[in-house]
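The following block contains a protein sequence and its predicted model.
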Amino acid sequence: QLQLVESGGALVQPGGSLRLSCAASGFTLDYYAIGWFRQAPGKEREGVSCISSSGGSTNYAESVKGRFTISRDNAKNTVYLQMNSLKPEDTAVYFCAAAGSWCRPPYDYWGQGTQVTVSS
């Protein structure tokens, strides 16, 4: 069974940091671009960041530039999202998804999501 599993979500205070992980099972991530998306209550899902299959290309939403960093460790079949200087508006369920080699739709595989809550 092909699966993506996110982990690392938690309750954190404003200004804090978290590292989310996206691990694959049943397939190798080597050939896939991986995107991180988030959805806050009452809002549409938005793209946060993406990394190409080679790791040579990354992109970020304007709202997270300079605070979030995406990376991948193909040996561990895992993609990470390091989130620093977290703000209350970062509160959302975060999903990872796999596309082809480049960061563009369609994203064929999705994880179940991990909750990030930024609150004092």
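On my side now, so go ahead. Residues are numbered from 1 along each chain as shown.

Which parts of this structure are helices?
For the chain, applying DSSP state H gives no helices.

Please name the nearest non-neighbouring residue to the residue nearest the centre of the chain.
In the chain, the centroid-proximal residue (Cα atoms, centre = their mean) is Trp36; its distance is 2.9 Å. Using Cβ to Cβ, 6 or more residues apart in numbering and skipping the chain neighbours, the partner closest in space to Trp36 is Val48 (4.4 Å). C-beta: built from backbone N, CA, C; applies to glycine.

contacting residues around the one you found?
By Cβ atoms under 8 Å, 6 or more residues apart in numbering, Val48 lies in contact with Gly35, Trp36, Phe37, Arg38, Tyr60, Ala61, Val64, Phe68, Leu81, Tyr94.

one more time with 10 Å, if that's ok
20, 35-38, 59-61, 63-64, 68, 70, 81, 83, 90, 92, 94-96 (Cβ atoms under 10 Å, 6 or more residues apart in numbering).

likewise Tyr31?
Contacts of Tyr31 by Cβ under 10 Å, 6+ apart are Ser53, Ser54, Asn74, Ala98, Gly100, Ser101.

Just the closest of the residues you listed to Tyr109, please.
Closest approach to Tyr109 among those (Cβ to Cβ): Ala98, at 4.3 Å.
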